[in-house]
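Peer 1: okay, predicted coordinates and the sequence, questions at the end:
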Amino acid sequence: MDFIDMYKEIKEQEKISIKLFILVLDWLFILDLIRSEQGVIHKCS
């Protein structure tokens, strides 16, 4: 799932700004909980 599609899906369920969504993604990358391959975000196992 790419970044924008993921944001749109979460936005339907939760009231979240794009800025907060990006901040959360940044922390998930820092903590090595998600990774990105060719623009697609994957959960690390």
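Peer 2: Now that the structure is in, tell me what you want to look at.

Peer 1: hey, let's count contacts and neighbours off CA atoms from now on
Peer 2: Noted.

Peer 1: tell me if Lys15 really is in a strand.
Peer 2: No: secondary structure of Lys15, determined by DSSP: H, G, I helix; E, B strand; the rest coil: coil, with no strand assignment.

Peer 1: that one and Phe21: what is the separation?
Peer 2: With distances defined as C-alpha to C-alpha, to the nearest Å, the gap from Lys15 to Phe21 amounts to 10 Å.

Peer 1: these two: who's more crowded?
Peer 2: Neighbour count, other C-alpha atoms under 10 Å: between Lys15 and Phe21, Phe21 has more, with 15 against 8.

Peer 1: count of neighbours near the closest residue to that one other than its chain neighbours?
Peer 2: Distances taken as C-alpha to C-alpha, 6 or more residues apart in numbering put Tyr7 closest to Phe21, at 7.1 Å, once the chain neighbours are dropped. Other residues near Tyr7 come to 17 when the count uses other C-alpha under 10 Å.

Peer 1: quick one, helices of this structure?
Peer 2: Chain-ordered helices for the chain, with DSSP state H as the definition, fall at 3-13, 18-30.

Peer 1: give me the angle between the first one and helix 18-30.
Peer 2: Interaxial angle of helix 3-13 relative to helix 18-30 (axes from the mean of the first three to the mean of the last three C-alpha atoms, to 10 degrees): 120 degrees.

Peer 1: all set, thanks.
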